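A.B. asks: Here is my input; please provide its structure:
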Amino acid sequence: MKLVPTEKSDDEACDNLANASDEEIIPHITELLECLQDLNWPIAGPVSDRLSTLGMELVEPILTILKGDDERWKYWIVSHLLYLVRNDVFRALSFKLNSMKLHPTDNEVDEEVYSATCELLITRHAVPFRP
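C.D. replies: Numbering: from 1, shown residues only. Got it, this is the predicted structure:
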């Protein structure tokens, strides 16, 4: 059963993804996150909706994106997917998000990742971690 869309209008994979169990999806998280590199793609909505139902297995792959240098991908993750994820997943990512807010790169500012991160933290009422 094909779970990972291979083109931006892959309805078959999106239908399969919607009906797949978490156990079937978890091995494909990284590939599915790649479908969110442009939220204008028709597959982005169904993929983000399904990914958002997963738990802590999302944290490391999302952290990899947030630590990377693809600012547009970060923007889509911060401005969309992280509004949908479960609270425990969001809390696990809050330290990195607060770090991005306090120490944004020039590229994060230029590509609006910084402003999207600030808005997300306000909206989700994240409390910074204290040492």
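
A.B. asks: low-confidence ranges in the chain?
C.D. replies: The model of the chain has pLDDT under 70 over residues 126-131.

A.B. asks: middle-most residue in it, spatially?
C.D. replies: residue 77 (3.6 Å; C-alpha atoms, centre = their mean).

A.B. asks: Identify the residues contacting it.
C.D. replies: 33, 36, 62, 65, 66 (C-beta atoms under 8 Å, 6 or more residues apart in numbering). Glycine gets a C-beta too; all of them are placed from N, C-alpha and C.

A.B. asks: Roughly how far does it sit from residue 1?
C.D. replies: According to C-beta to C-beta, to the nearest Å, residue 77 and residue 1 sit 26 Å apart.

A.B. asks: Show me the contact partners of the longest helix seen in the chain.
C.D. replies: For the chain, the longest helix by residue count, based on DSSP state H, is helix 87-102. With C-beta under 8 Å, 6+ apart as the test, helix 87-102 has contacts from 54-56, 58-59, 62-63, 66-67, 78, 82, 85, 108, 113-114, 117-118, 120-121, 124, 126-129.

A.B. asks: Now do the helices in the protein.
C.D. replies: 11-19, 22-25, 29-34, 44-51, 59-67, 71-76, 82-84, 87-102, 106-110, 113-123.

A.B. asks: This completes my enquiry, with thanks.
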